[in-house]
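*Asks:* Prediction below, plus the sequence it came from.
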Amino acid sequence: MTKITVALFIVIFVLNLLPAFAPPTWTAMSFIGLTIPSINFVSLAVVAASAGTFGRITLAKLSRAIVRQRLLSEQTRCNVDAVRRGIESRPAMTPGTFLAYSFSPLPSNYLFIAYGLTSLPIAFLALPFFVGRLVSYAFWIKTAAAIGDRLELDWFESAPYFVAYFIVSQLLLIPIIYGFTRVDWHAVFARKRFKWLRRPQ
């Protein structure tokens, strides 16, 4: 069992380290729930949430080191810094927002890549993310096991739905991250007005 746990941790860590085109961890948890309904879902959720959080932390740090430092222009870095100041000005509300997001099945690669660009302390996002994913993974494992038993579904019957979700979510990665860097965040936080960042002349 120890070897299985270590292997699962490594696999989920790698999946969450990849910036795109890696299946969401919640689908893997659902798969396990469908195929092994008697598994200890709490222990599995702890391993998955830990591995997923460490993987996303590494992804955010790589985003900061590679994308922010080497690929973004000075104008874009200054613009993204407005997000950091906006988050820092809302210390009570922001962790709750991250926690609510982490409960959902929405892709978190967008969130950690964008967060890495802000150069904020990673613990500000990692702690609520871990808690949210721990609860949500336990929910997906248990729910998938219950649905599989009641409806007599197996993984192959439900796979097309997971695949469709995966393809659509990953195709949105580049436009979402690009849009994040092009929003005029100074206007959003200072003047409460949405507009696109002007390109330098």
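*Replies:* Perfect, I can see it now.
*Asks:* Nearest the middle, which residue of this structure would you pick?
*Replies:* Centroid check for the chain by CA atoms, centre = their mean gives Ser108 as the closest residue, at 1.4 Å.
*Asks:* hang on, that one packs against Gly55?
*Replies:* No - in this structure, Ser108 is not within contact of Gly55 by CB atoms under 8 Å, at 9.8 Å. For glycine as for every other residue, the C-beta is placed from the backbone atoms N, C-alpha and C.
*Asks:* Mutual contacts of these two, please.
*Replies:* Asn16 (CB atoms under 8 Å, 6 or more residues apart in numbering).
*Asks:* Could you look up the SS state of the closest residue in space to the residue nearest to the centre of the chain that isn't next to it in sequence?
*Replies:* Nearest non-adjacent residue to Ser108, counting by CB to CB, 6 or more residues apart in numbering: Arg56, 6.0 Å away. Classification of Arg56 by DSSP: H, G, I helix; E, B strand; the rest coil places it in helix.
*Asks:* Could you count how many residues lie near Arg56?
*Replies:* Using other CB atoms under 10 Å, Arg56 is surrounded by 28 other residues.
*Asks:* ok, which stretches of this structure are helices?
*Replies:* Using DSSP state H, the helices found in the chain span residues 2-17, 25-35, 41-62, 74-88, 93-103, 109-118, 123-151, 155-171, 173-182, 185-190.
*Asks:* list the buried ones in the second one?
*Replies:* Of all the residues in helix 25-35, those buried under the rule 16 or more other CB atoms under 10 Å are Thr25, Trp26, Thr27, Ala28, Met29, Ser30, Phe31, Ile32, Gly33, Leu34.
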